[in-house]
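**Student:** can you look at this prediction? I've put the sequence above it.
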Amino acid sequence: MSAEPPPASSAAQGWLLDGHRSPALAEANRMMTICNACRYCEGLCAVFPAMERRRTFGDADLDFLANLCHNCGACLYDCQYAPPHEFAVSVPSNWAELRTDTYEHYAWPAGFGGLFRRNAVAVSIVTALAVAVFVIAVSASMGSSFTEAHTGDGSFYEVVAHGVIVGVFLAGFGFGVLGIMGSVRRYWRAIGGGRVAVSDLVRAGRSANTLEYLDGGGVGCMNEDEHPNDTRKIFHHLTYYGFALCLAATTLAAVLESGFGQEAPYPVWHPVVILGTVGGIGLVIGPAGLWRAKVGRDSELVDQASRGMEMAFLLMLMLISLTGLGVLVLRATAAMPALLAVHLGVVFAFFVTFPYTKFVHGFYRYAALVKHHQESPTR
Ligand code: SF4
Ligand code: SF4
């Protein structure tokens, strides 16, 4: 820690990778060496206490720390060595770049992460439309009408056969879950995660569910200027809990159908409809608010290269909720069949790509929080 940090320009010149796999990791190592000597920010979040438990910073340490960061921005605004100081310490944007790099580096199957990072919006939209067209073609070949209204119990299945809906959902969801499990498993092993105690899982769950480290040490999150607030935390909660409610509605509907023979669509007072409607509204307002916050955010806090992937994720969330709410509101009209096909396409595209989208940040961050609580049982 007494070693003189290398100059700010070293990593940018590209010749000093210093054993790291990328210039961004070499730059993170340089900045953590400075921060570990300074330690001014140790009360802001979990990153700095975790940093202080280390004397050197290999790639796996930096991958761990990057995903522990919630990008509140406080350490940039508080830093006496931030640009234009010659040390040029700018932690939040570097961590943001490294997080995207970890999603790509640990992605399973290897290579899919890079494909999505470069073409996020196009891959999502083309996949959704392709599946919608596929659903319409298969259903039309089975005699379904996409130009008439269908009403009453089982009307969704008059449009798209039950087997097609279940097949599309299971194929997308199954691939997505496998991809995430494979990716996070590689990450967990790399950062040295071992056996996990239930108490660590619970404490990490509490930190994640409350976004404990998105408050800049208690003042709030930095956004477009030096005045912190809780805007991002509120919209993130709406997105997170909105998604959870929609998932609960889908799961309950599947149980009622397969276990009790109660077929959708359900009446407006039904728990499936209430859960789906409340969750869907949260899943429109939350991503829209995050989108707005992202566009107006201080550019020093974000990684511009990751913007396409992040916007594609928010776009897909909004499309899922808007098409789902559209099916609910227009279910007795002739617009329902086409809307249902598009909704299925968007859901499939979302699930099949989620190991490579911003969605995966929740799993990497949770793994990093578990590791943090393992290392520091009293914090
Ligand atoms: S971000 Fe700046 S102020 Fe904070 S610990 Fe690092 S060098 Fe010190
Ligand atoms: S941006 Fe916020 S969460 Fe990330 S390291 Fe800085 S203070 Fe911690």
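**Tutor:** Structure received. Numbering: from 1, shown residues only. Ligands and ions are numbered 1, 2, ... in the order given.
**Student:** how about the contacts made by the nearest residue to Gly205 once chain neighbours are set aside?
**Tutor:** Once flanking residues are discounted, Gly205 sits nearest to Tyr366: 7.5 Å by CB to CB, 6 or more residues apart in numbering. Placement of C-beta: from N, CA and C, glycine included. Residues counted as contacts of Tyr366 (CB atoms under 8 Å, 6 or more residues apart in numbering) are 204-205, 208.
**Student:** give me the buried subset of those.
**Tutor:** 204, 208 (16 or more other CB atoms under 10 Å).
**Student:** can you lay out the contacts of Tyr366 as CSV showing pLDDT, secondary structure and distance to ligand 1?
**Tutor:** Supplementary listing: the contacts of Tyr366 in CSV, determined by pLDDT from 0 to 100; DSSP: H, G, I helix; E, B strand; the rest coil; distance: CB to the nearest ligand atom, whole Å:
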residue, pLDDT, secondary structure, distance to ligand 1
Ala204, 96, helix, 24
Gly205, 95, helix, 28
Ala208, 95, helix, 24
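**Student:** dump the contacts of Tyr366 to JSON lines, plus distance to Ala171.
**Tutor:** Formatted as JSON lines, those follow (distance: CB to CB, whole Å):
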{"residue": "Ala204", "distance to Ala171": "31"}
{"residue": "Gly205", "distance to Ala171": "29"}
{"residue": "Ala208", "distance to Ala171": "28"}
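**Student:** and Ser145, helix, strand or coil?
**Tutor:** With DSSP: H, G, I helix; E, B strand; the rest coil as the basis, Ser145 sits in coil.
**Student:** quick check: closest non-adjacent residue to it.
**Tutor:** Ser145's closest residue in space is Pro337 (CB to CB, 6+ apart), at 7.1 Å.
**Student:** wait, what's in contact with the one you found?
**Tutor:** Contacts of Pro337 (CB under 8 Å, 6+ apart): 144-148, 150, 159-160.
**Student:** of those residues, closest to His361?
**Tutor:** Val160 (32.2 Å; CB to CB).
**Student:** ok, the closest one - how many residues close by?
**Tutor:** 21 (other CB atoms under 10 Å).
**Student:** can you pull the contacts of Ala204?
**Tutor:** 366, 369-370, 372-373.
**Student:** now, which of the residues you listed sits nearest ligand 1?
**Tutor:** Minimum distance to ligand 1 across the contacts of Ala204 is 17.3 Å, recorded for His372 (CB to the nearest ligand atom).
**Student:** and the one helix or strand the closest one maps to, C-alpha only, in PDB?
**Tutor:** Per DSSP states H and E: His372 is located in helix 361-375. Extracted in PDB, the C-alpha atoms of helix 361-375 (Å, rounded to 0.1, in the frame of the first residue of the first chain):
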ATOM      1  CA  HIS A 361     -26.800  -7.900 -13.000                       C
ATOM      2  CA  GLY A 362     -29.200  -9.000 -10.200                       C
ATOM      3  CA  PHE A 363     -27.600 -12.400 -10.000                       C
ATOM      4  CA  TYR A 364     -24.000 -11.300 -10.200                       C
ATOM      5  CA  ARG A 365     -24.700  -8.600  -7.600                       C
ATOM      6  CA  TYR A 366     -26.500 -11.100  -5.300                       C
ATOM      7  CA  ALA A 367     -23.500 -13.400  -5.600                       C
ATOM      8  CA  ALA A 368     -21.100 -10.600  -4.800                       C
ATOM      9  CA  LEU A 369     -23.200  -9.600  -1.700                       C
ATOM     10  CA  VAL A 370     -23.200 -13.200  -0.500                       C
ATOM     11  CA  LYS A 371     -19.400 -13.200  -0.900                       C
ATOM     12  CA  HIS A 372     -19.200  -9.900   1.000                       C
ATOM     13  CA  HIS A 373     -21.200 -11.200   3.900                       C
ATOM     14  CA  GLN A 374     -19.200 -14.400   3.900                       C
ATOM     15  CA  GLU A 375     -16.000 -12.400   4.300                       C
END
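**Student:** average pLDDT across it?
**Tutor:** On average, the pLDDT along helix 361-375 is 95.
**Student:** quick one: buried residues of it?
**Tutor:** 361, 363-375.
**Student:** which bits of the stretch 101-250 of the chain sit near ligand 2?
**Tutor:** Taking CB under 6 Å from any ligand atom as the criterion, the neighbours of ligand 2 within the stretch 101-250 of the chain are Tyr213.
**Student:** low-scoring stretches of the stretch 101-250 of the chain, by residue?
**Tutor:** 113-120 (pLDDT under 70).
**Student:** can you name the residue of it nearest to ligand 2?
**Tutor:** For the stretch 101-250 of the chain, CB to the nearest ligand atom, closest residue to ligand 2: Tyr213, 5.3 Å.
**Student:** picking up where we left off before, and ligand 2, is the helix holding His372 touching that?
**Tutor:** No - residues of helix 361-375 are not located near ligand 2 by CB under 6 Å from any ligand atom, the shortest gap being 10.5 Å.
**Student:** contacts for stretch 139-158?
**Tutor:** By CB under 8 Å, 6+ apart, the list of residues contacting stretch 139-158 reads 136, 159-161, 164-165, 263-265, 331-334, 336-338, 340-341.
**Student:** picking that back up, host element of the residue nearest to Ser145?
**Tutor:** helix 336-353.
**Student:** cool, Pro84 as well?
**Tutor:** In the assignment (DSSP H and E), Pro84 maps to no helix and no strand.
**Student:** show me what contacts it?
**Tutor:** So Pro84 contacts nothing (CB under 8 Å, 6+ apart).
**Student:** residues of the protein that sit close to ligand 1?
**Tutor:** Counting by CB under 6 Å from any ligand atom, the residues of the chain near ligand 1 are 34-35, 38-41, 75, 78-81, 89, 91.
**Student:** perfect, I'm done here.
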